[in-house]
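Visitor: Fold the following and give me the result.
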Amino acid sequence: MSILFHCAFKNKNQWLKSIRKKFNNEKVYTINNKVNYSKIDYAIVWNLPDNILSKLKKLKIIFSLGAGVDHIINLPSYKKTPIIRIKDVNMAERMSYHVHSQILSYQLKLYLFHKAQIKKQWLGEQYTKLNPDITVGILGYGFLGKSVANYLTKLNYKVIGFKKLKSKSRNSIKIYTSKNLKIFLAKSDIVVAILPDTDETKDFIDRKFLKSMNKKAFLINIGRGNTLNESDLLVHLNKNKDFFASLDVFKNEPLPKKSKFWTHKNVIITPHAAALTDINSSIELMYSKYLLFIKNRKIKSDVNLKKGY
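Guide: Next up is the predicted model:
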């Protein structure tokens, strides 16, 4: 049996070394090697080219090097090969840290002090709210959304969630669905968007969505760039001087230098850095799924193809 590994991460060599060490009974190839693609059994990938996927005729499992799977299921050559997503608790914890850091910047008005520092202005004290006085709405209540919600709840923020279909919550967090989206947005001082990239979520955060938010709200997008209509957000920001946004993901990455987000006074930009996929814990997860497949000769996909995630 053999494995194909592919990604463009800066630490891809470290990934490759760790995978070969853990899967020491398998031959691990990259697309730079001389590979007989017809004999590849498993693929561990992020952004695998479609012309390579089309050659993997006997593929049994695809491991996605992250929570997202749009980079796989949107490829023309993808059929129904089971996909295992990386539901990494360390990644979820890092994402929670990122969200909290952005909330604190907004909550404590640290962004104002930084801008004043550049201008050598002494602003003086600013009124700030305490955690229980702030409602954070989690837009996209999946694995990562739940992790962020639980983290913020422990810090005494009021947390509510949104997901397309109604389901039981195992904690006290109130969940809103599509028919109550306006209520969800009206109640949220801060909206944390962690939506997957699907046909249904494309430009989900648009002019109508933004208009339903509070005029002094804070939008944090750490999900997928395609879920946000960037033109609509720019218009909304220009019309509402007290509306702010923290953007970690964009339709085009790296963010083009001509983008107006770079210089907008109400926007914080981070370079798709909200959560790092942890190598060791991710490989342990993949290896456990691999052993399960070896034992049972079948495995359930983590992805609902009808939903797209």
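Visitor: which residues sit against stretch 23-34?
Guide: Under the criterion C-beta atoms under 8 Å, 6 or more residues apart in numbering, residues 1-6, 16, 19-20, 35, 40-42, 49, 52, 287, 290 lie in contact with stretch 23-34. C-betas here are computed from N, CA, C, even on glycine.
Visitor: Go through that stretch and flag the buried ones.
Guide: Neighbour counts over stretch 23-34 (16 or more other C-beta atoms under 10 Å) mark 23, 28, 29 as buried.
Visitor: Next: stretch 88-98.
Guide: Residues of stretch 88-98 classed as buried by neighbour count (16+ other C-beta under 10 Å): 88, 91, 92, 94, 95, 96, 98.
Visitor: So which of the residues you listed sit within helices?
Guide: Judged by DSSP state H, those include 91, 92, 94, 95, 96, 98 as members of helices.
Visitor: quick one: which of the buried residues of stretch 88-98 is nearest residue 174?
Guide: residue 96 (19.5 Å; C-beta to C-beta).
Visitor: For that closest one, which non-adjacent residue is spatially closest?
Guide: Nearest non-adjacent residue to residue 96, counting by C-beta to C-beta, 6 or more residues apart in numbering: residue 151, 3.8 Å away.
Visitor: Kindly report the same for residue 161.
Guide: Distances taken as C-beta to C-beta, 6+ apart place residue 141 nearest to residue 161, at 4.0 Å, with adjacent residues excluded.
Visitor: where does the chain dip in pLDDT?
Guide: Residue ranges of the chain with pLDDT under 70: 167-170.
Visitor: if we go to 90?
Guide: Where the chain drops to pLDDT under 90, the residues are 1, 66-68, 86-88, 164-172, 275-277, 297-298, 303-309.
Visitor: for the most centrally placed residue in it, what are its contacts?
Guide: For the chain, the residue nearest the mean C-alpha position is residue 223 (3.5 Å; C-alpha atoms, centre = their mean). Residue 223 sits next to 139, 140, 193, 194, 195, 196, 197, 249 when contact means C-beta under 8 Å, 6+ apart.
Visitor: and the host helix or strand of residue 246, which strands flank it?
Guide: Assessed by DSSP states H and E, residue 246 sits inside strand 244-247. Strand 244-247 has these partner strands in its sheet, going by DSSP bridges: strand 218-221 (parallel), strand 267-269 (parallel).
Visitor: Give me the residues contacting it.
Guide: Contacts of strand 244-247 (C-beta under 8 Å, 6+ apart): 102, 105-106, 111, 217-221, 228, 233, 237, 261, 266-270.
Visitor: at 7 Å what do you get?
Guide: Contacts with strand 244-247, where a contact means C-beta atoms under 7 Å, 6 or more residues apart in numbering, come from 102, 106, 218-221, 233, 237, 261, 266-269.
Visitor: List the buried residues in stretch 127-143.
Guide: Buried residues in stretch 127-143, counted by 16+ other C-beta under 10 Å: 134, 135, 136, 137, 138, 139, 140, 141, 142, 143.
Visitor: quick one: which of those is nearest to residue 118?
Guide: The closest of the buried residues of stretch 127-143 to residue 118 turns out to be residue 134 (C-beta to C-beta; 26.9 Å).
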